[in-house]
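Undergrad: Predicted structure and sequence below. I'll ask about it afterward.
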Amino acid sequence: MATKQEIFDLFARHVSSGKSKYFMSYGIDFIFGRREGPYIWDIDESKRLINCHSNGGVFNLGHRNLEIIKSLQQALDDTDIGNHHFVSTKRAELAAKIANLMPGDLKYVVFGVSGGEAIDTAIKIARKATGRKKIISAKGGYHGHTGLALAAGNAKFSAPFLSESDDFIHVPFNDIAALEEQLDGEIAAVILETIPATVGMLIPDNNYLPEVKKLCQRNGSLYIADEVQTGLGRTGKLWGFEHYGVEPDIVVIGKGLSGGIYPITATVIQSKLEAVFHEDPFLHISTFGGAEPGCVVAEKVLEISSSTVFLNRVNALSEIFQKGILELQKQYSSLFIEFRQKGLMMGLKMSSPDYGLFMSKACFDAGLLCVYSALDYSVVQFLPVLIIDEALSLEIIERLSNALSILKRFIEYK
Ligand SMILES: Cc1ncc(COP(=O)(O)O)c(C=O)c1O
């Protein structure tokens, strides 16, 4: 078997020299090996991490969830990708299941492979339905790295690729007046992550999203909820927007829908919006979107994630984390200045942008996989898998305490 150094060198030569150098420079010579439930082991089994990043929700149900693996294995007995032009039982059944779990008239589903693609689809539909071009999104918002999604996101990722556009307007999150000022007859849609994750887990004020919807309705614009991270139980409700009693015109689901096993995403639209495809139902195509094995996996994910027992457990865990982490905040108040939380969607705001990176490394040393926010380095994203028990939650809090003490000693030493 190749040594870790050989794998790092191979990766540097053929995938990314920058990433290889970055991880080595911080002493994170970790290569994903065995994985199971909340755990990931280094390829040589020298280290085990508890996943508190979960790829932003991909591993909501843990790594290699046995129920999901079984459903995929069964699907492979008699399906393959299928054909994206033809009528498909599996696509129809999954779409019906999603529609049943959505509020109001969100009854049609367009399938995709990545979150970015599903956001692109949402924006395309909004433009065609309204005959308008401009899109408003949040400053620091993140919707993926594909064409329209990239332009809707922060300039940090769009500017280097010359993908900024005057058709995309950015307003501060949680600021209704700023949104109202930009809304006019040219705005097709307002797209918002229910909780913007990449800019540091901003929690919306209770009246913010309902006000957004009301303003959109008044202006003839659509409200698109990006639920790629907040969907599927992460916040303690099946969909994050349910906390705010609001019904989006379009909902985008990704990440966790895959069960961490088979990529699949969904753009869920109100019935009236399906009319954009009446003239030509082949106007939008995705060869792998809604691949049949993925449909089977996603159905199982939805069955597990929508159960009351599952959601109750997320809420019970959320209370344990709240209690434990607020204690840590008191203890380390000069380093850790704010705890952001909705269910198990959590962020630890540190007192300096330097500390997000240091804290991610301290967490690694303490046995936790945590990643700082790419658009606010002072925030450590904290997203444990959702299927842990109380004992493991307490162990995670203990390890987080160790990480904070490592960080404190490091800063004092400096
Ligand atoms: C809120 C949100 N929307 C969209 C995306 C894009 O998803 P993908 O990476 O699958 O294209 C992400 C990815 O991190 C995300 O966090």
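TA: Ah, there it is.
Undergrad: which residue is nearest the middle of this protein?
TA: The centroid of the chain falls nearest to Gln229 when counting by CA atoms, centre = their mean (2.4 Å).
Undergrad: Now do the contacts for it.
TA: The neighbourhood of Gln229, defined by CB atoms under 8 Å, 6 or more residues apart in numbering, consists of 56-57, 193, 195, 197, 255, 345, 383. All C-beta atoms are positioned from the backbone trio N, CA, C, and that covers glycine.
Undergrad: where does it fall, helix, sheet strand or coil?
TA: Classification of Gln229 using DSSP: H, G, I helix; E, B strand; the rest coil returns coil.
Undergrad: so what's the residue of the chain found nearest the ligand closest to, chain neighbours aside?
TA: Closest to the ligand within the chain is Gly115: 2.2 Å, counting by CB to the nearest ligand atom. Counting by CB to CB, 6 or more residues apart in numbering, Gly254 is the residue found nearest to Gly115 once chain neighbours are left out, at 3.4 Å.
Undergrad: Could you do Val109 as well?
TA: Nearest one to Val109, counting by CB to CB, 6+ apart, is Ala95 at 3.9 Å.
Undergrad: quick one: which helix or strand includes the one you found?
TA: Using DSSP states H and E, Ala95 sits within helix 89-100.
Undergrad: Glu338 now?
TA: For Glu338, the element it lies in under DSSP H and E is strand 336-342.
Undergrad: other SSEs contacting that strand?
TA: Under the contact definition 3 or more CB pairs under 8 Å, 6 or more residues apart in numbering; DSSP states H and E, strand 336-342 sits against helix 308-331, strand 345-350.
Undergrad: what's the most buried one of these?
TA: strand 345-350 (a mean of 25; mean count of other CB atoms under 10 Å).
Undergrad: Tell me which other helices or strands the following helix or strand past it touches.
TA: Once strand 345-350 ends, the next helix or strand along the chain (criterion: DSSP H and E) is helix 353-365. Contacts defined by 3+ CB pairs under 8 Å, 6+ apart place helix 353-365 against strand 345-350, strand 371-373, strand 376-382, helix 390-413.
Undergrad: Mind putting these into JSON lines with distance to Gly37 and mean pLDDT?
TA: Shown next, in JSON lines, are those (distance: least, CB to CB, whole Å; pLDDT from 0 to 100):
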{"stretch": "strand 345-350", "distance to Gly37": "19", "mean pLDDT": "98"}
{"stretch": "strand 371-373", "distance to Gly37": "19", "mean pLDDT": "96"}
{"stretch": "strand 376-382", "distance to Gly37": "18", "mean pLDDT": "98"}
{"stretch": "helix 390-413", "distance to Gly37": "9", "mean pLDDT": "95"}
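Undergrad: what would those look like in CSV with distance to the ligand?
TA: Listed next are the helices and strands packed on helix 353-365 as CSV, based on distance: least, CB to the nearest ligand atom, whole Å:
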stretch, distance to the ligand
strand 345-350, 11
strand 371-373, 11
strand 376-382, 10
helix 390-413, 22
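Undergrad: In CSV, list these along with distance to Ile176.
TA: Below are the helices and strands packed on helix 353-365 laid out as CSV (distance: least, CB to CB, whole Å):
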stretch, distance to Ile176
strand 345-350, 22
strand 371-373, 24
strand 376-382, 22
helix 390-413, 35
